[in-house]
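Enquirer: here is the input, now give the coordinates:
(one chain, ligands or ions: 1)
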Amino acid sequence: MLKSTAVAPSNIAFIKYWGRKNEELRLPLNGSISMNLSNLLTTTTVEFSPALNKDSLTINGKIITDKSLQRVSDHLDRIRQIKKINLKAKVVSENNFPQSTGLSSSASGFAALTLAGTSALGIKLTEKELTILARLASGSACRSIPDGFVQWHEGHDHFSSYAESIFPSDYWQIADAVVIVSLEKKTVPTSLGQRGVYTSPFLDVRLKKIPGKINLVKKAIRMRNFTRFGELIEAESLEMMSLMATSRPPLFYLYPETLTVISYVRQLREESMPVYFTFNTGQNLHLICMKKDVNDIVSRLKKLSEIKQIIISYPSAGTKITGRHLF
Ligand code: PMV
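Expert: So this is what the prediction gives:
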């Protein structure tokens, strides 16, 4: 049976990937650092079969026929090419968290598809090779493959741009609370936004600073220096936002409600509660704190009427095969 199922975590970037130097290979303009999230998961089952005459995709019970199906088919083509076969596939996927709201469902989605698809065809790849293959479908997906805290090396060609674990998931007892202020889907897809980065006058400034920033974030994790780490990751998300805001056309993903939560996070720090924010391409925030403080912080956040839902995650393993097929 040419069938396999994988579970992949989404990840939150502490140093962000924003802009590509090669569109086709999805080579990023800079390296990035992230953490896998234990409670933002995609499970995907892939079955190749001679009985199928086209690829099909179902996500959370909904049959998908738009360009998301094409993107999945393109990735299945890359996998089929390795094995030199032409069998079509049925793909069924479940996310346990909202899609297209800035929570990186494409990272977990394409990481799960990469592992389930290759494993269904009996293709044995190293972890590094899996990250390279996942990167072709969605850049941030490569960081969801290895365990724990992950670095994506920008590289200069297809084989040198890969991700690897830099610290295991149990290295540091921190937590990520996703704060959902709205489930509205973003109107500008990430891929389009990434292309506009060259129009920002601040891109050069950012790229010069990146290697130093990567070292500082790695050092803060290594030393488990939470205050230093928090300051660095907050500044980094605001820097990415500045690139977006100064691109043509400008991009704004944050909502007024997002800014209300940001102000509250600052207030919590003034009350000696160490918590920092970071965000991606959406209105929803990730709050990072020590694991021991997360329940206290969440109960305080609950008084903000802007917050619709909170999802708590801890650093987690990367993408794994499971025997629990979805069909
Ligand atoms: O992989 P993409 O194309 O969805 O880009 C993700 C980019 C950010 O989430 C904004 C930053 C990152 O590094 O995850």
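
Enquirer: the residue of the stretch 201-327 of the chain found nearest the ligand: how many residues sit nearby?
Expert: Residue nearest to the ligand within the stretch 201-327 of the chain: N280 (3.6 Å; CB to the nearest ligand atom). Glycine gets a C-beta too; all of them are placed from N, C-alpha and C. When neighbours are counted by other CB atoms under 10 Å, N280 registers 24.

Enquirer: how far away is the one residue in the stretch 51-200 of the chain that gets nearest to the ligand from K16?
Expert: Of the residues in the stretch 51-200 of the chain, the one nearest the ligand is S140, at a distance of 3.4 Å by CB to the nearest ligand atom. As judged by CB to CB, to the nearest Å, S140 and K16 stand 9 Å apart.

Enquirer: surely the residue of the stretch 201-327 of the chain closest to the ligand touches S106?
Expert: No. Contact criterion CB atoms under 8 Å: N280 and S106 do not qualify, at 10.5 Å.

Enquirer: and the residue nearest to K54 when sequence neighbours are not counted, how far from L133?
Expert: The shortest distance from K54 to any non-neighbouring residue, by CB to CB, 6 or more residues apart in numbering, is to K88 (5.5 Å). From K88 across to L133, the span is 19 Å (CB to CB).

Enquirer: ok, now V217?
Expert: Taken as CB to CB, the span from V217 to L133 is 26 Å.

Enquirer: between these two, which one's more packed in?
Expert: Remark: of V217 and L133, L133 carries more neighbours, 26 against 22, as counted by other CB under 10 Å.

Enquirer: okay, and the residue lying closest to that one once chain neighbours are set aside sits in which element?
Expert: Residue nearest to L133 in three dimensions, not counting chain neighbours: T114, with 5.3 Å by CB to CB, 6+ apart. Element membership for T114, per DSSP states H and E: helix 105-120.

Enquirer: quick one: mean pLDDT for that helix?
Expert: For helix 105-120, the mean per-residue pLDDT is 97.

Enquirer: name the residues of the helix or strand that that helix is followed by that are buried.
Expert: Downstream of helix 105-120, the next assigned helix or strand under DSSP H and E is helix 127-137. Buried residues in helix 127-137, counting neighbours by 16 or more other CB atoms under 10 Å, are found at E127, E129, L130, T131, I132, L133, A134, R135, L136, A137.

Enquirer: kindly report the same for stretch 38-55.
Expert: Buried residues in stretch 38-55 (16+ other CB under 10 Å): S38, L40, L41, T42, T43, T44, T45, V46, E47, F48, D55.

Enquirer: show me where this protein has helices.
Expert: Taking DSSP state H, the helices of the chain run over residues 67-83, 105-120, 127-137, 190-195, 203-222, 226-245, 256-270, 294-301.

Enquirer: and the angle from the last one to helix 256-270?
Expert: In this structure, helix 294-301 runs at an angle of 120 degrees to helix 256-270, with axes from the mean of the first three to the mean of the last three CA atoms, to 10 degrees as the basis.

Enquirer: ok, now the third one?
Expert: Between the axis of helix 127-137 and that of helix 256-270 there is an angle of 140 degrees, by the same axes, to 10 degrees.

Enquirer: just give the closest residue to the residue of the stretch 51-200 of the chain closest to the ligand, not the sequence neighbours.
Expert: In space, S140 is closest to A107, 4.1 Å off (CB to CB, 6+ apart).

Enquirer: how close does that neighbour sit to A134?
Expert: 9 Å.

Enquirer: identify the contacts common to those two.
Expert: Common contacts of A107 and A134, defined by CB atoms under 8 Å, 6 or more residues apart in numbering, comprise A141, S144.

Enquirer: right, is the helix or strand of the chain with the lowest mean pLDDT up against the ligand?
Expert: Least confident helix or strand, the chain: helix 190-195 with a mean of 85, by mean pLDDT, DSSP states H and E. Yes. Using CB under 6 Å from any ligand atom, helix 190-195 comes into contact with the ligand via T190, S191, Q194.

Enquirer: the ligand contacts on the stretch 151-300 of the chain?
Expert: T190, S191, Q194, N280, T281.
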